[in-house]
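> next one to model:
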Amino acid sequence: MAAELCITSNFTFLTGASHPEEYMERAALMGLEAIAIADLNSVAGIVRAHAHAKEIARQVAERDAAEAKDGPIGPPAPPGHAPRGAAIRNVPRLIPAAHLVFAEGVEMTALAATRTGWARLCRLITTGRLRADKGTCDIALADLPEDTAGLEFILHPPRDKPGAAWLGHARALSQRLAGHLHLALSPRYDGEDRGRFDTHARLALSLGLPTLATARPILHHGRRRRLADVLTAIRLGLRVDNLGRAALANGEQRLRSEAEMRRLMGRHADAVDRAAALARRCAFDLGTLRYEYPSEIADGETAHQRLARLAHAGLAWRYPEGAPAHVRKLLAHELDLIGKLKYEPYFLTVRDIVAFARSRGILCQGRGSAANSVVCYALGVTSVSPEIGTMVFERFVSEARDEPPDIDVDFEHERREEVIQHIYETYGRHRAGLCATVIHYRGKRAIREVGAAMGLSKDTIGAMSSQLWGFFSTSGIEPARLREIGLDPDDRRLRLTLDLIEEIVGFPRHLSQHVGGFVVTEGRLDELVPVENASMEGRTVICWDKDDIDALGILKVDVLSLGMLTCIRKAFDLIAAHHGARHTLATLPPEDPAVYDMLCRADSIGVFQVESRAQMNFLPRMKPRCFYDLVIEVAIIRPGPIQGDMVHPYLRRRNGEEQVQFPSDALGQVLGKTLGVPLFQEQAMQIAIIGAGFTPTEADRLRRSLATFKKHGNVSEFRSRFLRGMARNGYDADFAERCFSQIEGFGSYGFPESHAASFALLVYASAWIKRHHPGIFACALLNSQPMGFYAPAQIVRDAREHGVEVRPIDINASFWDNAMEPDGVGGMALRLGFRQIRGLSEEDAAWITAARGNGYAALRDVWRRAGIAPSVIARLAEADAFAGLGLSRRDALWQAKALAKGPELPLFARDMDGEAIAEPAAHLPEMTAGEQVVEDYVAMQLSLRAHPVALLRHRLTPGLDLGARPSPPQGERTKTGALPPSPGGDSPGIFAERRRRGAQHFRVPATRANPD
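Sure, this is the predicted structure:
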C-alpha cells in the first residue's frame, strides 16, 4: 500500500488544477491507502475531500450490500492501479495537512497526526494569517510551537543546490523535530530525477533524516495540464504563450499509484514504504473533530433551565391572555427535543444577540425555518407565529437528520456592524469568527480571465461575455451563437479557449467573507480552524464556508442585514415622534382591509418584496386578502415556481377557473393550502418522500444537492429516480416532470414556507406604514437609501401622488436626514434633507445645523459660522439650498465661487475713505425650467419642479400644438451651439461644463408654466 502526503488542490488558488474531491476519487480508484491535501498555508479545501470520502464510503457500502444480495457487480479492480471504470473497493484515509512556507525560505508539509497536532497546526497558520493582509501568510520558523507533539513534518529540499542558510535551518529543524521530520524525495520529470534522488538521499543522511517519497501532485490527472498552465498565466498576469519556464514541461506532476511511485523512485523505493508508514502514524480523522458550543451557563442556572425559563416568560409576553393549549404543547415538545440534542446553548446565544440588538433599538427579525419554532417565537427571535405555517418543528431541528439548526436573523443594514462587534467583544476574537465564502469561477469571469490568458482580444472577450445569461452557465456560447457575433467556432485557439472555460467553471478563485455567518466556540476557535483577517477592517474570518461547517456539524449564527428593517424602524420612530403611537412588528394592527385594498391596486412602490414589476403585475391578479396570501405572494414570483409552471395553475384555481384537484389524498395533505400546486421547498421535499418513495435520508441528500447545484450540477442524478418513483406510485408523468423542474429551480431560489412567512410579515408592515402614513414611509425610505428597486426621484414622486407635500432642501430648515414638519394646515410635510445632496458629507451637514441658531441671513454666514469649505457651499448652491434666502441657484453659485478666492482680509474690506468696497453686481441670466430640472438631478438625483419627460411632451406627442416658442432667453445656446458671453463680458465657464451635461436637452420657454 502507498500514500501520497503532499497534494496541492485548487484551494491553493490559481496553482492547483484539481478539486479535492477529484483527488479523493482518483486515489480510491488507484487503491491508495491514504492521501493528505496540503494546500499553501491553508486547510481550506480539506473538508471537501473529507465529505467526498464519506460519500464514496456510502456508495461502496450500498454496492457491497447489493453484491451480497445479487452477486458481484462488474469485474474486480486489479491490484495497484485500477483502470478507469473499475469498482472502488477501499476509501483512502484523509490526513489533514498544510504546506507551510516560512519567511526563511524553508518549505515543509505539516501533517496532523492527532487532535492536539491539528490544534497546533491551526494556531500556527492563524499566527501567520493574522500578521498579514487578507489572502497572505507571514510565518517564520520561530513561530513553530515549542511543543510539536501531534505533528509530523516533511521537509522539501530547495529547487537549486541548498545554500548555507538553508542547511543551517535544516540542521536546527532535524534536531528540534527529531523523530518527526522526513526529507521529501519528489520527481521533477526532467530526466535528472535519479541523480537528484541520490543527492537528496545523501543530504538526508547528513541531516540524520529518513527519506519519504511524494509525487507532490498539482493535478489529479494528466489531462489537467493545460488548465494548470492557464491558472499560472492568470496568477502571473501573462499570456500562456509567454509563460516560458513557468509553464509545466509535461503533465506528469499528477497523482501516482503505488506501482508508478516505486518505478519512479528506483533504488529509493523504500521511501514509498516510509510514506505509507508515516500515514499510518497519523490517526487523526477530521470526522472526529468535536465542536464545543459555548455552554451559556450563568448564575448557577444550566443552559436547559435558562432556556425553559426564558421561553415560558416569552410565551406569556406573546400571549397576554394565555397561550392556547396546542401552543404550550408545541413548546414542551420543542424544549424536550432541543434538550435531547443539547442545542440549548445555541438558542440562548441567538436570543442574547437579539436581546442586545433590541436593547440598542436595532430592529431585527428571524427568518428561514426558525419561523417554524415556538421557542424562537417566544424568545423574540422571530415575530411570526408558527401557527401561520403547516410545517412542524422537525423541519427546523430533527433528531433523524442529525444536523445542527440554522437560525438566520436580519438586522438593520445600517447598524448590523454594532451587532457584529458586540459578538467579537462578548466572546473574543479567539472564540468567534465569520465563515468564509468560496468565490468560484462563473461564466463571465471564466471568459474574461481565461480569454485574456489565451490571448483573445478584449473585443472578442466582450462579445463572448455578452452572450451569457446567468452566473455559472456557459450555454450562451454555442457555435451558432459565436457565428452570429462574427467569431469562427472552428478556430483552434478559440475552441481550446472554450474547452478551458468550461473546465474552469466551478473552480475556487479566492476566499471572501460570508455575509454574516458567525461560528462561536467554547474553547479557542483557532484550535478548531485557522482564523485570518478579512478585507474589511475589524473583521476576522475562518477559512471554511457554510457547506464545510455543515459537513462537520459546526453551528453558526447568521447575522444578516436587511435594508427594509432600517426603513421600518425609522418609520416606527417617526410615527412615535409625530403621532405618539409606538409600534413593533408584533403589535401592528393585523389584517387591515385598507392595506390589502392598496396591494390589490398594485400600489406597492417601496413595499418590501412586492415592489418589482413582476410582483406589481401579479398583485391585481392574486388579490391578496389575508396574511397567508402574502406568504404565497412572496414565494410564488420566484424562479422555482415560475420554471415549474406553478403560477398560472395556482391563479386559475384561486379564481375558480380550474377545479382544485390533488394527485392523491396523501399529497393533498401536503398541497392543500396551496390549492394542489407545490410552491414551497418543504412541499417539494414531501413530494419526493410521499410521491416518489424517497426515504427521509434520501430527501435530505436531495435537499443538500440543491444547495450545491449551481456549483456541481449534481441534482440531475436524482431525476430518473424521482420520475421512476412517481410513475411507480401512479402519478401523472407531466405532474412529475413539473415537480422535479420546480425542485431544480429551488436549487438557487426556492423559499421554504416559514421563510416566506417571515418576509410576508415585513411586506405587511411596510404596506401598513405606506397606507396609513405615506409621508413617513417615504421619509424613512429616503433615509435608508440605498435599498430597493426605486431611486429617490421615484419615491418622492409616489409620495406626492399620495397627497404628501414635499418641500425642497433649505439651508435654514433641513437637517442631514429627511424629516417631517408641520405643513401649517394640520398635516405633515416631508422636508428633504442634506443627505440627498450628492457629495455632501454627514459631518458637514452636522456643522451646518449646529451653527445655524436662529437661521442664516446670507450665504457668507454659512461659511463663517459653520466653518465649512467653499466647495461644500458650492454643492449646497448647486442643490438650490439657498432659495429660502432669496438667492437663485446661479446667484448662490456665483457667490460660492467668490469664496474660493481666499480668506476675507479686513484690511482690504474697505477703501481709503473707510467705505465698504462693493463689488459690481453680476446680472446672471435666469435659468430655464429645463436647466433647473437638470441641475436638480445632477445635484440630488430628483427634482420637485417637473419630470424631465414633461418638458419634452410637446415634442413627443404628435399634433400637439403648444403655440410658437418665444425667442430663446438670454443664456440660450445659439444655432451653432456656442454660448453667448455673460453680462459684463465675464466668461461663462462656471456654467459651461454643467450645460454640457445635458441641460440643453430640456430647454423650455422661461415663461411657460410647469406642466405638472
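
> burial of residue 479, as a residue count?
Close neighbours of residue 479, defined as other C-beta atoms under 10 Å, add up to 13. From N, CA and C alone the C-beta is placed, and that goes for glycine too.

> state the distance from it to residue 872.
Distance from residue 479 to residue 872, counting by C-beta to C-beta, to the nearest Å: 58 Å.

> cool, and residue 405?
Taking C-beta to C-beta, one finds residue 405 at 51 Å from residue 872.

> residue 144 too?
55 Å.

> ok, residue 505 next?
On the measure of C-beta to C-beta, residue 505 and residue 872 end up 48 Å apart.

> next one: residue 450
Per C-beta to C-beta, residue 450 is found 47 Å from residue 872.

> now swap in residue 373 and tell me
When residue 373 is compared with residue 872 (using C-beta to C-beta), they lie 51 Å apart.

> name the residue in the two with the higher neighbour count.
Neighbour count, other C-beta under 10 Å: between residue 373 and residue 872, residue 373 has more, with 28 against 22.

> that one and residue 335 touch, don't they?
No - look at residue 373 against residue 335 with C-beta atoms under 8 Å: they stay out of range, at 10.6 Å.

> which residues does residue 169 contact?
104, 106, 141 (C-beta atoms under 8 Å, 6 or more residues apart in numbering).

> and residue 173, by the same measure?
For residue 173, the contacting residues are 106, 108, 141, 153, 155, 181, by C-beta under 8 Å, 6+ apart.

> longest strand of this protein, counting residues only.
strand 508-520 (DSSP state E).

> look up how far residue 363 lies from the closest residue to residue 559 other than its chain neighbours.
Leaving aside its chain neighbours, residue 559 sits nearest to residue 516 (4.1 Å; criterion: C-beta to C-beta, 6 or more residues apart in numbering). For residue 516, the distance to residue 363 equals 16 Å [C-beta to C-beta].

> please apply the same query to residue 495.
According to C-beta to C-beta, residue 495 and residue 363 sit 55 Å apart.

> those two - which one has more neighbours?
residue 363 (23 against 14).

> and the closest residue to the more buried one other than its chain neighbours, how many neighbours?
Of all residues not flanking residue 363 in the chain, residue 569 sits nearest, at 3.8 Å (C-beta to C-beta, 6+ apart). Other residues lying near residue 569 total 22 when counted by other C-beta under 10 Å.

> which of the helices or strands spans residue 569?
For residue 569, the element it lies in under DSSP states H and E is helix 563-579.

> what packs against that helix?
strand 407-412, helix 753-772, helix 774-783 (3 or more C-beta pairs under 8 Å, 6 or more residues apart in numbering; DSSP states H and E).

> nearest to residue 655, of those?
Among the helices and strands packed on helix 563-579, the nearest to residue 655 by C-beta to C-beta is helix 753-772 (20.8 Å).

> test my guess that residue 453 contacts residue 240.
Yes - with contact defined as C-beta under 8 Å, residue 453 reaches residue 240; the gap is 5.5 Å.

> what is the mean pLDDT for the longest helix belonging to the chain?
Longest helix in the chain, counting residues (DSSP state H): helix 46-70. What helix 46-70 shows for mean pLDDT is 85.

> ok, now how distant is residue 56 from residue 695?
20 Å.

> sec struct for the closest residue to residue 268 other than its chain neighbours, please.
Of all residues not flanking residue 268 in the chain, residue 197 sits nearest, at 5.0 Å (C-beta to C-beta, 6+ apart). The three-state assignment at residue 197 reads helix, by DSSP: H, G, I helix; E, B strand; the rest coil.

> how far away is residue 197 from residue 488?
For residue 197, the distance to residue 488 equals 48 Å [C-beta to C-beta].

> between these two, which is the more surrounded one?
More neighbours surround residue 197 than the other of residue 197 and residue 488, with 21 against 12 (other C-beta under 10 Å).

> which ones are touching the nearest residue to residue 571 once chain neighbours are set aside?
Leaving out its chain neighbours, the residue that sits closest to residue 571 by C-beta to C-beta, 6+ apart is residue 780, at 3.9 Å. Counting by C-beta under 8 Å, 6+ apart, residue 780 touches 567, 568, 570, 571, 574, 769.

> so, low pLDDT: which residues of the stretch 401-550 of the chain?
Applying pLDDT under 70 to the stretch 401-550 of the chain flags the ranges 401-404, 469-476.

> my bad, should have said the stretch 601-750 of the chain
Where the stretch 601-750 of the chain drops to pLDDT under 70, the residues are 640, 643-644, 696-697, 700, 703-717, 742-743, 745-750.

> would you map the helices across it?
613-622, 627-636, 639-643, 647-654, 665-671, 681-690, 696-707, 709-712, 719-728, 733-749 (DSSP state H, counting those that start in this stretch).

> what's the burial count for residue 947?
The number of residues packed near residue 947 is 14, by other C-beta under 10 Å.

> picking that back up, of all the helices of the stretch 601-750 of the chain, which one is nearest residue 578?
Between residue 578 and these, the shortest separation by C-beta to C-beta is 27.2 Å, and it involves helix 627-636.

> how many neighbouring residues does residue 268 have?
The burial count for residue 268: 19, using other C-beta under 10 Å.

> check contacts around it.
Per C-beta under 8 Å, 6+ apart, neighbours of residue 268: 185, 197, 201, 211, 213.
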